[in-house]
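Trainee: Have a look; sequence and predicted model below, questions after that.
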Amino acid sequence: MYPKLSTLKLINNGIENIETAAFNNMPALIYLDLSRNHLKSLPSKMFEEEINLVDNRIKDIEPNTFVENVKLKRVHLNFNPLSDLKPDTFRSDTWRIANTYVSFRTPSATILELNLKLWRLKILNLQTNEISEFESNDIFQDNLRLERLFLSYNKIRDLPLGIFHPLRNLQFLSLHQNKITDLPPGLFKRNTKLKHLHLSYNDISELNTEVFKYLKHLHCLNLEGNALKSVPKDIFVYLTELKELFLSGNRITYIEPGSFNNLILLKTLMLYQNKLKQLEPNVFFKLIELSKLGLSSNGITDIQYGTFNSFHDGYADESSRILDLNLSGKIFEGEDCSVERLHLHGNKLTFFDKGFLKRSCLKFIRIGFNPWQCSCLNEIMNDVHQLNIEFYSVAYFDGTNPVCVVTMNDTCTRETYLAEDLLKQYKSVDHDTVFRAVEWN
């Protein structure tokens, strides 16, 4: 008798069978870990709250297996050769189950076979399977409390309209690395609580303007690794609470002006590994919270005036923005470098990479109103004068605005984690807030 034993781990022991009464002498048992064994079937009585059966040899779960498990809340069944779950598998008292993890190894499994009537289910993990289609759009009709759904690493091609409609409490949905080609309008119409949507590494080539219409509380949208060719103006217009947008690894050649105007809370925008050749003026105009911008591996040849400036109606905006700007060195450096004029005015930059200007073909830079470390700015200005680079200095060195932040180090510290603290110090000094941008030809 083990009256106080609450956790029992029997991992990787080669266990093939468990007698029904094996754990009767452990009334306080809460967690039972039987992962990585050779179990082919399950006993009908397991009084634990949580049982881990990951990586066994369970092919079938008989109906009513869990019917007498009145305490059971979580079942882990990942990485078993399950191919079929019968309708009554999780019948009766299994409404207490909160989380279920199921993975299949056989290619015969389809989502129709998962008739999971788990009323209190909050997490459902079906990733790394061979699921290719939804034969019914009401497969999730009983999972009304589901909050997190994982369908990554499958072979799903089509998402029928209505498939996610019962999931009104869904907050996280991952469809990463499938074969999805289209997102029908209204697909997420009932998922208004969704905060994280991962659609990366599919075959999506275009987006309907209505597909994200109801996702007003979305925080993260991942569309990287698809086949998008452009970013139309109205695609993200409803995503006013979005904080992270990943569009890297597509085929984007053009971003329509105004595409990001409603993303006023956006902090991270990744556009690297696309086919952008030119960045239009004011393409990031309204992104006043943006701190990370990735544009490397695009082949950009033209960065227009005002692209990275935080100006509104010609006046400086005190909310300095970009902390981490990832631009491919190839567009500035070497024999094939193409960018000669660079505007990084009014961001959160504190340093340049060592020797950046010497390796570049830049002839003009505008870098004012950044919280530069004074030691870093000294290096930059020395290179500017040595290389005879034109430097925009109007209202920058005239004594009306701070120029840099003094630190304890005599040498330039190239670490982005310092930026926020330096920015606070930089903003603590009075600025001439009415600074009008001067156009150049």
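Mentor: Perfect, thanks for sending it. Just so you know, these numbers come straight off a predicted model, no measurement behind them.

Trainee: wait, isn't residue 277 in contact with residue 253?
Mentor: Yes: counting by Cβ atoms under 8 Å, residue 277 sits close enough to residue 253 to count as a contact (7.1 Å). (C-beta placed from N, C-alpha, C; glycine too.)

Trainee: Give me the next element, helix or strand, following the longest helix belonging to the chain.
Mentor: Scanning the chain for the longest helix, with DSSP state H as the assignment, gives helix 374-386. Following helix 374-386 in sequence order, the next helix or strand is strand 390-391 (DSSP states H and E).

Trainee: Run the chain-centre distance for the helix or strand that that following strand is followed by.
Mentor: Sequence order places helix 419-427 as the next helix or strand after strand 390-391, per DSSP H and E. Remark: helix 419-427 is offset 27 Å from the chain centroid, using Cα atoms, centre = their mean, to the nearest Å.

Trainee: For helix 419-427, buried residues please.
Mentor: Going by neighbour count (16 or more other Cβ atoms under 10 Å), the buried part of helix 419-427 is 419, 422, 423, 426.

Trainee: which ones are touching the residue nearest to the third one when sequence neighbours are not counted?
Mentor: Yep, that's residue 423 we're talking about. Nearest non-adjacent residue to residue 423, counting by Cβ to Cβ, 6 or more residues apart in numbering: residue 371, 4.6 Å away. Applying Cβ atoms under 8 Å, 6 or more residues apart in numbering, we find residue 371 in contact with 320, 348, 349, 350, 404, 405, 419, 422, 423, 425, 426, 427.

Trainee: let's go with 7 Å and repeat that
Mentor: Neighbour list for residue 371: 348, 350, 405, 419, 422, 423, 426 [criterion: Cβ atoms under 7 Å, 6 or more residues apart in numbering].

Trainee: Just say helix, strand or coil for the second one.
Mentor: Judged by DSSP: H, G, I helix; E, B strand; the rest coil, the three-state class of residue 350 is coil.

Trainee: Tell me, how many residues neighbour it?
Mentor: 27 (other Cβ atoms under 10 Å).

Trainee: So what's the residue count around residue 142?
Mentor: A total of 17 residues lie near residue 142 under the criterion other Cβ under 10 Å.

Trainee: And for residue 157?
Mentor: If you count neighbours by other Cβ under 10 Å, residue 157 ends up with 15.

Trainee: so what pLDDT did it get?
Mentor: Confidence per residue is given as pLDDT, and for residue 157 that number is 92.

Trainee: Then residue 319?
Mentor: Residue 319 carries a pLDDT score of 38 in this model.

Trainee: Can you lay out the contacts of residue 371 as TSV showing pLDDT?
Mentor: Formatted as TSV, the entries for the contacts of residue 371 read as follows, by pLDDT from 0 to 100:
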residue	pLDDT
348	74
350	85
405	90
419	78
422	86
423	82
426	84
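
Trainee: what's the most distant pair in those residues?
Mentor: With Cβ to Cβ as the measure, no two of the contacts of residue 371 lie farther apart than 348 and 405, at 11.6 Å.

Trainee: how about JSON lines for the buried residues of helix 419-427, with distance to residue 161 added?
Mentor: Shown next, in JSON lines, are the buried residues of helix 419-427 (distance: Cβ to Cβ, whole Å):
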{"residue": "419", "distance to residue 161": "45"}
{"residue": "422", "distance to residue 161": "50"}
{"residue": "423", "distance to residue 161": "46"}
{"residue": "426", "distance to residue 161": "51"}
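
Trainee: that older thread, identify the contacts common to residue 277 and residue 253.
Mentor: Overlap between the contact sets of residue 277 and residue 253, as judged by Cβ under 7 Å, 6+ apart, is nil.

Trainee: Just the endpoints, please. Distance across stretch 384-392?
Mentor: Using Cα to Cα, to the nearest Å, one end of stretch 384-392 lies 11 Å from the other.

Trainee: List of residues touching that stretch?
Mentor: Surrounding stretch 384-392, the residues in contact under the criterion Cβ under 7 Å, 6+ apart are 357, 358, 362, 363, 364, 365, 366, 368.

Trainee: Filter the residues you listed down to the buried ones.
Mentor: Neighbour counting over the contacts of stretch 384-392 (16+ other Cβ under 10 Å) leaves 357, 362, 365, 366, 368 as the buried ones.

Trainee: The fourth one against residue 345, yeah?
Mentor: Yep, that's residue 366 we're talking about. Yes: applying Cβ atoms under 7 Å, one finds residue 366 in contact with residue 345, separated by 4.9 Å.
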